[in-house]
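*Asks:* have a look at this prediction, sequence included:
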Amino acid sequence: GDSVTQTEGQVTVSESKSLIINCTYSATSIGYPNLFWYVRYPGEGLQLLLKVITAGQKGSSRGFEATYNKEATSFHLQKASVQESDSAVYYCALSLNSGTYQRFGTGTKLQVVP
Amino acid sequence: GGIITQTPKFLIGQEGQKLTLKCQQNFNHDTMYWYRQDSGKGLRLIYYSITENDLQKGDLSEGYDASREKKSSFSLTVTSAQKNEMAVFLCASSTRTHSGNTLYFGEGSRLIVV
């Protein structure tokens, strides 16, 4: 079936350093993937960070970027310079435009240290 | 904007008990979802509903019932609570079914089985 893989359960990065959180997907059903990054900040509910529904396109929000790489079946989340306020749990998610519901990865907890 | 309200925030019950979680949304969204969040396992879909009185099973529906009596509300019942299913339950809604639509989440309800 369709699935999303996030290999890092937790990542610790120093403030102002760059960040990559990995996400790969497998889409066995018919249809084109729609890819999402959701974020849960401490004390808040899960919310959309960015999404991309066309292969090759880049989504961006709050300084984060992710490019939908169809060949590599990846949607890695990147930021050039992280801040302490970026500390949160990040979830990658996949749906197909043929009508499947969103499937989520296991989440990556980002801790930004001074 | 809108909001998704989940009640109760904490649900404590005894093993074998039937327990119900409730969710209300004022986005006027058609589709509503119940996801279960376990530590290290991401979010897994239990049930979703594309309109009033509709119910569709997700990946984890066994042991649960759901009810969508009104467009704005979606309830989830744990038919016989077990200690191994203590988790956070997240309700979400979206404008239409699946595809590239953003999910809007409630803050979650934590199930505790004693």
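*Replies:* Okay, I see it.

*Asks:* my guess is residue A:95 meets residue A:104, correct?
*Replies:* No - assessed by CB atoms under 8 Å, residue A:95 is found out of contact with residue A:104, at 10.2 Å. The way it works is simple: take the backbone N, C-alpha and C, and place the C-beta from them, glycine included.

*Asks:* same drill for the two, tell me which one is more crowded.
*Replies:* Higher neighbour count among residue A:95 and residue A:104: residue A:95, with 27 against 23, using other CB atoms under 10 Å in any protein chain shown.

*Asks:* quickly list what that one is bridged to.
*Replies:* Note on residue A:95: beta-bridge partners residue A:34, judged by DSSP bridges.

*Asks:* so which residues on chain B come close to chain A?
*Replies:* Counting by CB under 8 Å from any CB of the partner chain, chain B comes close to chain A at B:4, B:33, B:35, B:40-45, B:48, B:58, B:90, B:92, B:97-100, B:102-108.

*Asks:* center of chain B - which residue?
*Replies:* Geometric centre of chain B, nearest residue: residue B:34, 2.7 Å, by CA atoms, centre = their mean.

*Asks:* quick one: which helix or strand includes that one?
*Replies:* Following DSSP states H and E, one finds residue B:34 within strand B:31-38.

*Asks:* please compute how far stretch A:12-30 lies from its chain's middle.
*Replies:* Centre-to-centre, stretch A:12-30 and its host chain are 5 Å apart (CA atoms, centre = their mean, to the nearest Å).

*Asks:* which parts of chain B are strands?
*Replies:* Secondary structure of chain B by DSSP state E: the strands cover B:4-7, B:10-13, B:19-25, B:31-38, B:42-49, B:56-57, B:64-70, B:73-78, B:88-94, B:104-105, B:109-113.

*Asks:* which among those is found nearest to residue A:69?
*Replies:* Nearest of the strands of chain B to residue A:69, taken as CB to CB: strand B:42-49 at 21.2 Å.

*Asks:* ok, now which ones touch the residue nearest to the centre of chain B?
*Replies:* Taking CB atoms under 8 Å, 6 or more residues apart in numbering or on different chains, we find residue B:34 in contact with B:21, B:23, B:45-48, B:58, B:64, B:66, B:74, B:76, B:89-92.

*Asks:* next: residue A:6.
*Replies:* Residue A:6 makes contact with A:21, A:22, A:23, A:91, A:92, A:105, A:106, A:107, A:108, B:42 under the criterion CB under 8 Å, 6+ apart.

*Asks:* where does chain A dip in pLDDT?
*Replies:* Across chain A, the ranges flagged by pLDDT under 70 are A:30, A:98-99.

*Asks:* chain B contacts on that one?
*Replies:* A:4, A:6, A:9, A:34, A:36, A:38, A:44-48, A:51, A:53, A:91, A:95-97, A:99-107.

*Asks:* now the strands of chain B in a markdown table, please, with extra columns for mean pLDDT and distance to residue A:17.
*Replies:* Converted to a markdown table, those look like this (pLDDT from 0 to 100; distance: least, CB to CB, whole Å):
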| stretch | mean pLDDT | distance to residue A:17 |
| --- | --- | --- |
| strand B:4-7 | 97 | 35 |
| strand B:10-13 | 94 | 37 |
| strand B:19-25 | 97 | 39 |
| strand B:31-38 | 95 | 29 |
| strand B:42-49 | 94 | 26 |
| strand B:56-57 | 94 | 43 |
| strand B:64-70 | 96 | 43 |
| strand B:73-78 | 98 | 41 |
| strand B:88-94 | 96 | 31 |
| strand B:104-105 | 96 | 29 |
| strand B:109-113 | 94 | 34 |
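
*Asks:* if we can go back for a sec, which of the residues of chain B next to chain A count as buried?
*Replies:* Buried by 16 or more other CB atoms under 10 Å in any protein chain shown: B:4, B:33, B:35, B:42-43, B:45, B:48, B:58, B:90, B:92, B:97-100, B:103-108, out of the residues of chain B next to chain A.
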